[in-house]
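1. whatever this is, show me its structure:
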Amino acid sequence: MAAKFGAEIKRLRASEDNLGNMLSFSQTQDGYLEKVQDALTRMSELAMLATDETKQDADRAHYDAEFQKLEAFIVSVGSKTFNGINLFTSSSQTVTVGIGSEVTFDAVNLAGSSYTPLASSGSTAAVSDTVKAAKALTQVQTALSQLATDRAAVGSNMSRLSTEKNALSILRDNMSAAKSRIVDVDVAEESANFAKQQILVQSGTAMLAQANILPQSALRLIS
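-> Down below sits the predicted model:
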């Protein structure tokens with residue numbers, strides 16, 4: 001039983017490591033998505049400014065220059081990795097938390113249809129004139145809506161991972177305690193037993209010494 005408990009404790013510790021790594025993965029995702037949100041918020045502001053009929057196209061060109069740079073940033077975020085693993089793909093992630101037990105999380109894909117008009121290398125979104133600016137504003141609003149959904153999914157992933165990790169930690173502590181009861185010494189009990197044995201040895205020694213004195217006394221009386 002102690003051997004089985006020991007193996008299970010090792011597996012639980014490894015599962016905790018897996019969950020910790022996945023938690024870091026999700027936290028990294030959310031960090032990038034927060035910056036994408038900032039970029040999209042600014043892009044929506046630029047698109048709104050570009051719809052102003054009192055501005056000339058030369059003015060809008062300045063807005064568009066920043067708009068395109070922010071688009072390029074979102075495109076670059078879509079290819080970010082964590083330990084060589086893509087952070088934003090169409091594939092879901094799965095983490096093993098025990099024998100026959102896995103947790104699967106939905107993917108966050110910056111190349112999805114809601115982001116594609118803004119976050120793809122072939123994007124034509126722009127705010128260089130009022131017509132394009134109005135279209136871009138709608139596209140940005142769609143992307144922001146999808147981003148809110150994705151960040152909520154990542155947040156729920158982190159909550160599930162933290163809860164799962166805490167549960168495994170409690171289970172590992174209990175398993176360690178069970179193993180300890182089998183293989184470890186009960187210090188209090190063994191200390192009391194040691195004291196008892198010492199008293200018995202000392203008592204026996206005293207009795208033997210007393211027993212040796214009696215024959216010697218008898219011999220002295222005879223002599």
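2. quick one, domains of this protein?
-> Taking automatic domain parsing as the domain assignment, the ranges for the chain are 2-182, 188-222.
3. deepest-packed of those, please.
-> The highest mean neighbour count among the domains of the chain belongs to domain 2-182 (a mean of 16), with neighbours defined as mean count of other CB atoms under 10 Å. Every C-beta, even on glycine, is put in place using the N, C-alpha and C of the backbone.
4. circling back to that earlier point, make CSV out of the domains of the chain and add mean pLDDT.
-> Rendered in CSV, the data for the domains of the chain read as follows (pLDDT from 0 to 100):
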stretch, mean pLDDT
domain 2-182, 88
domain 188-222, 69
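5. just the strands in the protein please.
-> In order along the chain, the chain carries the following strands (DSSP state E): 81-82, 85-86, 93-98, 101-105.
6. mind giving me the packing neighbours of the first one?
-> Spelled out, that is strand 81-82. Strand 81-82 is packed against helix 2-50, with contacts defined by 3 or more CB pairs under 8 Å, 6 or more residues apart in numbering; DSSP states H and E.
7. report the distance from the helix it packs on to the chain centre.
-> 7 Å (CA atoms, centre = their mean, to the nearest Å).
8. now the angle between strand 93-98 and it, please.
-> With axes from the mean of the first three to the mean of the last three CA atoms, to 10 degrees defining the directions, helix 2-50 sits at 160 degrees from strand 93-98.
9. check which helices and strands helix 2-50 sits against.
-> For helix 2-50, the packing partners by 3+ CB pairs under 8 Å, 6+ apart come out as helix 57-77, strand 81-82, strand 93-98, helix 130-183.
10. out of the ones you listed, which is closest to A119?
-> Taking CB to CB, helix 57-77 is the member of the helices and strands packed on helix 2-50 nearest to A119, at 4.2 Å.
11. just the C-alphas of that closest one, formatted as PDB.
-> Coordinates of the C-alpha atoms in helix 57-77 are reproduced here as PDB (Å, rounded to 0.1, in the frame of the first residue of the first chain):
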ATOM      1  CA  ASP A  57      -8.700  62.500 -46.900                       C
ATOM      2  CA  ALA A  58      -5.200  63.900 -46.100                       C
ATOM      3  CA  ASP A  59      -6.300  64.000 -42.400                       C
ATOM      4  CA  ARG A  60      -7.700  60.500 -42.700                       C
ATOM      5  CA  ALA A  61      -4.400  59.300 -44.100                       C
ATOM      6  CA  HIS A  62      -2.800  60.100 -40.700                       C
ATOM      7  CA  TYR A  63      -5.500  58.100 -38.900                       C
ATOM      8  CA  ASP A  64      -5.100  55.200 -41.400                       C
ATOM      9  CA  ALA A  65      -1.300  55.100 -40.800                       C
ATOM     10  CA  GLU A  66      -1.900  54.300 -37.100                       C
ATOM     11  CA  PHE A  67      -4.800  52.000 -38.000                       C
ATOM     12  CA  GLN A  68      -2.600  49.900 -40.200                       C
ATOM     13  CA  LYS A  69       0.200  49.600 -37.600                       C
ATOM     14  CA  LEU A  70      -2.300  48.400 -35.100                       C
ATOM     15  CA  GLU A  71      -3.600  45.800 -37.600                       C
ATOM     16  CA  ALA A  72      -0.100  44.600 -38.100                       C
ATOM     17  CA  PHE A  73       0.300  44.200 -34.300                       C
ATOM     18  CA  ILE A  74      -2.800  42.000 -34.100                       C
ATOM     19  CA  VAL A  75      -1.500  39.900 -37.000                       C
ATOM     20  CA  SER A  76       1.800  39.400 -35.100                       C
ATOM     21  CA  VAL A  77       0.000  38.400 -31.900                       C
END
